[in-house]
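Novice: sequence and predicted model, in that order:
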Amino acid sequence: MLGVRHIFIKEDPAATTLQQLELQCAACQKCALAQTRTHIVFGEGDPQARIMIVGEAPGAEEDKQGRPFVGEAGKLLNNMLNAIGIERGETFICNILKCRPPGNRDPQPAEREACVPYLLKQMDIIKPSIILVLGLVAAQTLLNTRQSLGQLREGEHFIQKIPAHVTYHPAALLRNPNWKRPAWQDL
Ligand code: URA
């Protein structure tokens, strides 16, 4: 699959820099999550990163701090990256949603549709060489598929023509430590 822009074609944010885009996100009222967020979580890291990492949505700690992957799942993500010789700061880490769904429920279709154009624009601006997609929800959203995580981990994917790999979400690894070995193999 050579890109998925067609499913989110409704909107192409006009920003040309990450700073402009972040301001747009901070003002965004496109879905109801704007009413319940404390902070948007735009993403962070090297604006010219070779590796972009995409998770699902901010959790409670991320919403509080306005930064992605700062809770327990974030610590594990940092360790996973370090284990393959990568520092978190060399990557750009973000999510398919910029705002926290209350109670950490799954992102709803309208929320994904409102928010993914911002992520695609981040990809356009950063132009990573590789995208690492964490977990089923992010992968099914970005690849517009209902395939299982097992199938998606094995497949070759492209998002916006950028090679993309799918692996377990670190929060899932915290719940199922026996998946850590295959996750390490994915990396
Ligand atoms: N889980 C995610 O998917 N993203 C975060 O930023 C934190 C936890």
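Specialist: That came through fine.
Novice: is whichever residue of the chain sits closest to the ligand in a bridge, and if so with what?
Specialist: Nearest to the ligand, among the residues of the chain, is G55, at 2.9 Å (CB to the nearest ligand atom). Quick note: C-beta positions are derived from backbone N, CA and C, even for glycine. Beta-bridge pairing of G55 under DSSP bridges involves N95.
Novice: list the buried residues for stretch 144-155?
Specialist: L149, L152, R153 (16 or more other CB atoms under 10 Å).
Novice: I meant stretch 41-58, not that one.
Specialist: Buried, per 16+ other CB under 10 Å, within stretch 41-58: 41-46, 49, 51-58.
Novice: return the member of the buried residues of stretch 144-155 nearest to L23.
Specialist: Proximity of the buried residues of stretch 144-155 to L23 (CB to CB) peaks at L152, which lies at 33.2 Å.
Novice: that closest one touches A139, doesn't it?
Specialist: Yes - between L152 and A139 there is a contact under CB atoms under 8 Å: 4.8 Å.
Novice: and the longest helix anywhere in the chain, average pLDDT?
Specialist: Counting by DSSP state H, the longest helix found in the chain is helix 109-126. On average, the pLDDT along helix 109-126 is 97.
Novice: can you list the strands that the following helix or strand past that helix pairs with?
Specialist: Using DSSP states H and E, the helix or strand that directly follows helix 109-126 along the chain is strand 130-134. Looking at strand 130-134 with DSSP bridges, its partner strands are strand 51-55 (parallel), strand 162-167 (parallel).
Novice: okay if I get these as CSV plus mean pLDDT?
Specialist: As requested, these are arranged in CSV below (pLDDT from 0 to 100):
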stretch, mean pLDDT
strand 51-55, 98
strand 162-167, 98
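Novice: follow-up on the earlier one: which other helices and strands contact the longest helix of the chain?
Specialist: Counting contacts by 3 or more CB pairs under 8 Å, 6 or more residues apart in numbering; DSSP states H and E, helix 109-126 is packed against helix 18-27, strand 51-55, strand 92-95, helix 136-143.
Novice: how far off centre is the longest one?
Specialist: The gap between the average C-alpha position of helix 18-27 and the chain average comes to 17 Å, counting by CA atoms, centre = their mean, to the nearest Å.
Novice: one more: the shortest one?
Specialist: For strand 92-95, the distance between its averaged C-alpha position and the chain's averaged C-alpha position is 5 Å (CA atoms, centre = their mean).
Novice: contacts for it next, please.
Specialist: 41-47, 49, 51-58, 68-69, 77, 119, 122, 126, 128, 138 (CB atoms under 8 Å, 6 or more residues apart in numbering).
Novice: and the last one, by the same measure?
Specialist: Applying CB under 8 Å, 6+ apart, the external contacts of helix 136-143 come out as 1, 4, 54-56, 95-96, 106-107, 112, 116, 119, 133, 145-149, 152, 157, 159, 164, 166, 169.
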